[in-house]
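*Asks:* sequence first, then the predicted structure, then my questions.
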Amino acid sequence: MSQVRVRFAPSPTGFFHIGSARTALFNWLYARHTGGVFILRIEDTDKERNSEAFLNLIYDSLSWLGLNWDEGPKIGASGGGDFGPYRQSERGAIYKEYVGKLLAAGRAYEKDGAIWFKLFGERYEIFDEHRKKTVMKVKLPPVVIEDQIRGRVERLEDEDFVIVRSDGNPVFHLVNVIDDIAMQVTHVIRGEDHLSNTSKHVLLYEGFGVKPPIFAHIPLILKQNGPGKMSKRDQGALIEEYQKRGYLPEALVNFLCLLGWNPGDDREKMPIADIIRLFDLPGVNQSNARFDDKKLAHVNMAYLLELPAEKFIAQAREFFARQSESPVTLAAAAATAEYFAEVMRLSQPKIKGFEELPAYTSYFFTDEFSVDAKVREKVMAKGDPKARLAELIKVAQAADFSSEAVLTEALKKLAESKGLGFGDYQGVARLAVTGTNVGPNITGIFYVLGRERVRSRLEKFLATV
Ligand code: GLU
């Protein structure tokens, strides 16, 4: 078989959402799996709704996700590839030429100022109750689509349809098919919402005397909660949100692969090279995929754990710098590289995403952290927290703060000397020093904060009980 050529054909009429990203991704995966070509084509024929900002969002989002295109706009000076231009708004002359062919072959005709595609078959008139008028129907067997994902789909087409509006603008069906022919697209991989258009597309191919490409319609992404398709307005729908929230693009891509595809087992985190090797169209699920933000967070955490420390630190710095100013973000920005790195060393194994960092690390950067009232109540109700605090203060004054291990030893010794366990000190120490009951291990926190801050926080807290 000749080389696979697939395309992602977005319209720059809205925010770049998770459904578009997944369609782009499945095309990209298929191209990479087969050693084929991934084309980016911009379907910007809707002059009213197009915007340059949305167009740039497409470029930025694809680039951020690492879905590089082999042909399309923005490659080289002329737009890379031999089949350009790759923006429909620049392809008017090509559409005219193709419409000319249909007219010459008797497959199109003019009526009421528009150009219609003509179905070949026996014609008859009937009164359409719904539209309240007599319409011309054409007797044709159903159009058959052997979809790679959906299987065999049949649809009846029985009326001529407009391909160029009376204002001279060609319609979506026409330009979509012409471009797929002209760009020699071999596989059309797109959302299931386009399945209802495909029968018209197949007829147009026939009209042009060209064999249709292979179709693969990807099932929908369902809302996380409740019925129905995920919409652009749903939480978690927009790609730029993930970018802002500091998700790792590799993790998001991995998660998107699992929305409608799996490697044949329940593996989640997988190197993209493995996914490329295993990905195939018949492997795409027929059933709709449900969005799941917990799974995404889980995958993101797995990728964060694997990041080399320097990368984690650099990206965390960047993330903090992008946040709006608060006592925590200002203090984090002012922290020395060494101190910041120490805080991140403790945080990296613990967080699910960079967005958790400012709250998770606040007490490292400011003394003005809040104390969780519920946690306080719980911790203070157990044992003799006052006595424990006093003992901790003594140890903090005397202990060697030069390493986490030494501090752990000192605390263990303290507990032993009182016939208690490490746990009897941990809760109250954490509450006093961090205001909460979650976080990295307590001696790590002591070590990074340093003796003075630990002591003064313990003392300050003791004074309030
Ligand atoms: N411009 C269409 C869309 O945004 C593309 C349809 C297709 O992939 O054929 O959905």
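*Replies:* Now that the structure is in, tell me what you want to look at. Since we're looking at a predicted model, the values are computed, not measured.

*Asks:* enumerate the residues of this protein near the ligand.
*Replies:* 9-11, 43, 176, 188, 190, 194 (CB under 6 Å from any ligand atom). C-beta coordinates here come from the backbone N, C-alpha and C atoms, glycine included.

*Asks:* farthest pair within those residues?
*Replies:* S11 and V188 (15.5 Å; CB to CB).

*Asks:* higher neighbour count, these two?
*Replies:* Counted by other CB atoms under 10 Å, S11 and V188 do not tie: V188 has more neighbours, with 23 against 18.

*Asks:* and the more buried one, its phi and psi?
*Replies:* Phi and psi for V188, reported as degrees, to the nearest 10, are phi -100, psi 110.

*Asks:* hang on, it packs against D180?
*Replies:* Yes: with the criterion set as CB atoms under 8 Å, V188 and D180 qualify as a contacting pair; they are 6.4 Å apart.

*Asks:* would you mark the buried spots in the helix ranked longest in the chain?
*Replies:* For the chain, the longest helix by residue count, based on DSSP state H, is helix 18-34. For helix 18-34, the buried set under the neighbour-count rule, 16 or more other CB atoms under 10 Å, comprises 18-34.

*Asks:* ok, now stretch 299-317?
*Replies:* In terms of neighbour count (16+ other CB under 10 Å), stretch 299-317 has its buried residues at 299-304, 307, 312-313, 315-317.

*Asks:* and if you look at stretch 329-343?
*Replies:* Along stretch 329-343, the positions that meet the burial threshold by neighbour count (16+ other CB under 10 Å) are 329, 331-332, 335, 339-343.

*Asks:* contacts for that stretch?
*Replies:* Stretch 329-343 is contacted from outside by 309, 313, 316-317, 320-321, 323, 358, 361, 364-366, 447-448, using CB atoms under 8 Å, 6 or more residues apart in numbering.

*Asks:* which of those sits closest to the ligand?
*Replies:* Nearest to the ligand, judged by CB to the nearest ligand atom, of the contacts of stretch 329-343 is Q323 at 33.3 Å.

*Asks:* show me what contacts that closest one?
*Replies:* Shown in contact with Q323 (CB under 8 Å, 6+ apart): 329, 358.

*Asks:* which element, helix or strand, includes the residue of the stretch 51-200 of the chain found nearest the ligand?
*Replies:* At 3.6 Å from the ligand, R190 is the closest residue in the stretch 51-200 of the chain, using CB to the nearest ligand atom. Taking DSSP states H and E as the definition, one finds R190 inside strand 187-191.

*Asks:* count the residues that sit near the nearest residue to S51 once chain neighbours are set aside.
*Replies:* Nearest in space to S51, with sequence neighbours left out and distances taken as CB to CB, 6 or more residues apart in numbering, is P12 at 6.2 Å. P12 has 22 neighbours, counted by other CB under 10 Å.

*Asks:* identify the residues contacting P12.
*Replies:* With contacts taken as CB under 8 Å, 6+ apart, P12 has the following neighbours: 42, 44, 50-52, 54-55, 57-58.

*Asks:* what about it, which SS state?
*Replies:* Classification of P12 into helix, strand or coil gives coil, according to DSSP: H, G, I helix; E, B strand; the rest coil.

*Asks:* and stretch 342-349, which residues are buried?
*Replies:* If you call a residue buried by 16+ other CB under 10 Å, then stretch 342-349 has these buried ones: 342-344, 346-348.

*Asks:* sorry, that was for stretch 55-69
*Replies:* 55, 57-59, 61-62, 64-65, 67, 69.

*Asks:* give me the subset of those residues lying in helices.
*Replies:* 55, 57-59, 61-62, 64-65.

*Asks:* switch those residues over to JSON lines; also include distance to Q397.
*Replies:* Written out in JSON lines, the entries for those read as follows (distance: CB to CB, whole Å):
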{"residue": "L55", "distance to Q397": "63"}
{"residue": "L57", "distance to Q397": "57"}
{"residue": "I58", "distance to Q397": "60"}
{"residue": "Y59", "distance to Q397": "59"}
{"residue": "S61", "distance to Q397": "54"}
{"residue": "L62", "distance to Q397": "57"}
{"residue": "W64", "distance to Q397": "50"}
{"residue": "L65", "distance to Q397": "53"}
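
*Asks:* where along the stretch 151-300 of the chain do the strands fall?
*Replies:* 151-155, 161-164, 187-191, 214-218, 221-222, 289-290 (DSSP state E, counting those that start in this stretch).

*Asks:* can you name every helix or strand that the helix or strand just after the longest helix of the chain contacts?
*Replies:* Scanning forward in sequence from helix 18-34, with DSSP H and E defining helices and strands, the next element found is strand 37-40. Under the contact definition 3 or more CB pairs under 8 Å, 6 or more residues apart in numbering; DSSP states H and E, strand 37-40 sits against strand 5-8, helix 18-34.
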